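In: here is my input, please return the structure:
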Amino acid sequence: MLSQNNENRNRFLLVLICLTLVFTGSSGLLPGFQPAANAASEKSRSAHSAPAQLRKFAEEASARLAGTEPFTAWAGAALVIEPLGPGTHSWLVTLTKGPKGAVKRLGYMIISATPEGEYKLIEYGQGMNSIYGSGILEDGLSGLGLSQAGSSAAAVTPVYGGPVLAAWMISSAAGKSETVRFVDALTGELLPESRESWTKQSAGYVPPASAVGSAKRGWTPGETIRRADPFDPYDNLLWITGKDQVQLNAGNLEQAFSRQSRFVFAATGSNRTYSVPLPVYGYQIWNLSPPSSGSASVYVLSGTDDSPRWIALDALLASGGFLVMPD
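Out: Purely as a prediction, here's the structure:
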């Protein structure tokens with residue numbers, strides 16, 4: 001695992017260098033929170049200790065999704081809400097179902113609070129090994145020679161700085177010294193981060209105004225439009241040349257996908273210490289009823305067959321750009 005992590009860190013650096021050339025001048029508006037004090041207390045908080053308005057919005061959003069494919073299994077699921085912190089500006093909502101002792105993780109939602117106090121649905125997804133999955137964390141800790149129990153136990157805090165900055169902060173002590181490392185919440189890979197670099201990158205995070213929010217009722221998700229099969233951006237790195245940059249936005253989304261079926265999102269910015277490209281191969285549009293200003297909210301489809309991930313388009317646009325994935 002460690003050798004694989006070394007290889008991935010080299011890939012991160014290669015991709016970041018190339019993307020810096022491709023997206024010269026891009027701003028790195030990546031969210032952030034200060035380092036956590038106590039991971040155990042963070043993880044013990046559930047839906048019952050979450051703010052009432054947040055809990056209500058999470059229940060409404062999950063119920064709306066449960067009325068559409070492929071989320072019908074979410075109907076009647078239990079919701080566990082944990083802060084992604086510290087700072088408690090974002091929360092991980094885990095959906096589970098099953099009898100005690102055999103509970104199954106169905107999927108997740110991530111909700112962030114705006115400066116005005118509105119809750120926004122930033123992303124959601126499916127699968128046991130979707131973002132912040134326990135199996136991913138176990139693999140990440142194992143790769144560091146740590147565990148969540150016993151003499152090598154580490155303090156683990158889930159932290160979130162937007163869709164391209166999601167990780168666990170892992171603090172381990174040896175004598176009077178403390179080591180802080182970051183593990184990617186999607187892959188379990190060790191990230192080239194420090195406490196300082198994380199804070200610097202995350203300082204500008206603001207949930208996008210266009211995301212589905214708690215201030216307006218009547219949001220309904222449409223059909224997920226899947227234009228291609230999931231793919232690995234590393235299968236063909238020609239996209240990294242930047243010859244086929246795409247100004248993808250809510251206004252031209254359907255037209256863009258009618259011409260191309262696969263895109264790569266690449267996070268960039270002067271403060272980034274690494275960049276992991278995300279495959280994008282479809283989208284889902286939420287609409288308000290009755291229609292009003294800002295009555296459509298776009299989420300792009302990423303991830304794998306086993307762990308698909310829907311991400312608010314404008315949350316990505318704040319931290320990078322899109323390129324065409326070559327055939």
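
In: quick one: low-confidence parts of this protein?
Out: With pLDDT under 70 as the threshold, the chain has low-confidence stretches at 1-48, 86-88, 148-153, 175, 293-294.

In: how about 80 then?
Out: 1-49, 85-88, 101, 147-154, 173-177, 203, 242-244, 269-275, 290-295 (pLDDT under 80).

In: which SS class is Arg217?
Out: Of the three states, Arg217 takes coil under DSSP: H, G, I helix; E, B strand; the rest coil.

In: phi, psi of it?
Out: Backbone dihedrals for Arg217, given as degrees, to the nearest 10, come out at phi -90, psi 160.

In: near it, how many other residues are there?
Out: Residues contacting Arg217 under the criterion other C-beta atoms under 10 Å number 8. Every C-beta, even on glycine, is put in place using the N, C-alpha and C of the backbone.

In: ok, Ile170 - contacts?
Out: Ile170 makes contact with 140-141, 144, 146, 154-156, 180-183, according to C-beta atoms under 8 Å, 6 or more residues apart in numbering.

In: apply 7 Å and report the result again.
Out: Neighbour list for Ile170: 144, 146, 154, 156, 181, 183 [criterion: C-beta atoms under 7 Å, 6 or more residues apart in numbering].

In: ok, Val264 next?
Out: Taking C-beta under 7 Å, 6+ apart as the test, what Val264 contacts is 233, 239, 277, 279-280, 322-323, 325.

In: looking at neighbours, which among the residues you listed is most surrounded?
Out: Counting by other C-beta under 10 Å, top hit in these: Val280 with 29 neighbours.

In: just the strands in the stretch 51-200 of the chain please.
Out: Using DSSP state E, counting those that start in this stretch, the strands of the stretch 51-200 of the chain run over 78-84, 90-97, 104-113, 119-126, 155-160, 166-174, 177-184, 190-191.

In: minimum distance to Gln245: which of these has it?
Out: Proximity to Gln245 (C-beta to C-beta) singles out strand 119-126 among the strands of the stretch 51-200 of the chain, at 23.4 Å.

In: what's that closest one packed up against?
Out: Strand 119-126 sits against helix 52-66, strand 104-113, strand 308-312, with contacts defined as 3 or more C-beta pairs under 7 Å, 6 or more residues apart in numbering; DSSP states H and E.

In: tell me the buried residues in the second one?
Out: Using 16 or more other C-beta atoms under 10 Å as the test for burial, strand 104-113 gives 105-113.

In: let me know how buried Pro290 is, in neighbour terms.
Out: When neighbours are counted by other C-beta under 10 Å, Pro290 registers 6.

In: swap in Thr72?
Out: For Thr72, using other C-beta under 10 Å, the count is 10.

In: is it true that it touches Ala63?
Out: No - Thr72 is beyond contact range of Ala63, at 11.4 Å (criterion: C-beta atoms under 7 Å).

In: can you pull out the helices in this protein?
Out: For the chain, the helices defined by DSSP state H occupy 2-22, 39-43, 52-66, 134-143, 195-202, 253-259, 313-317.

In: in strands only, show me the contacts of Val264.
Out: Among those, the members found in strands (DSSP state E) are 279-280, 322-323.

In: measure stretch 173-188 end to end?
Out: This stretch, stretch 173-188, spans 21 Å end to end (C-alpha to C-alpha, to the nearest Å).

In: re the thing from before, and the helices and strands packed on strand 119-126: which comes nearest Glu82?
Out: Ranking those by proximity to Glu82 (C-beta to C-beta) places strand 104-113 first, at 10.2 Å.

In: before we move on, the earlier item: could the helices and strands packed on strand 119-126 be laid out in TSV, adding distance to Arg226?
Out: Output for those, formatted as TSV (distance: least, C-beta to C-beta, whole Å):
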stretch	distance to Arg226
helix 52-66	16
strand 104-113	17
strand 308-312	9
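
In: go through the ones you listed and name the closest to Gly135.
Out: Closest approach to Gly135 among those (C-beta to C-beta): strand 104-113, 9.3 Å.

In: quick check, central residue of this structure?
Out: For the chain, Pro163 is the residue whose C-alpha lies nearest the centre (C-alpha atoms, centre = their mean; 3.5 Å).

In: contacting residues for it?
Out: Contacts for Pro163 (C-beta under 7 Å, 6+ apart) come out as 122-123, 311, 315-316.
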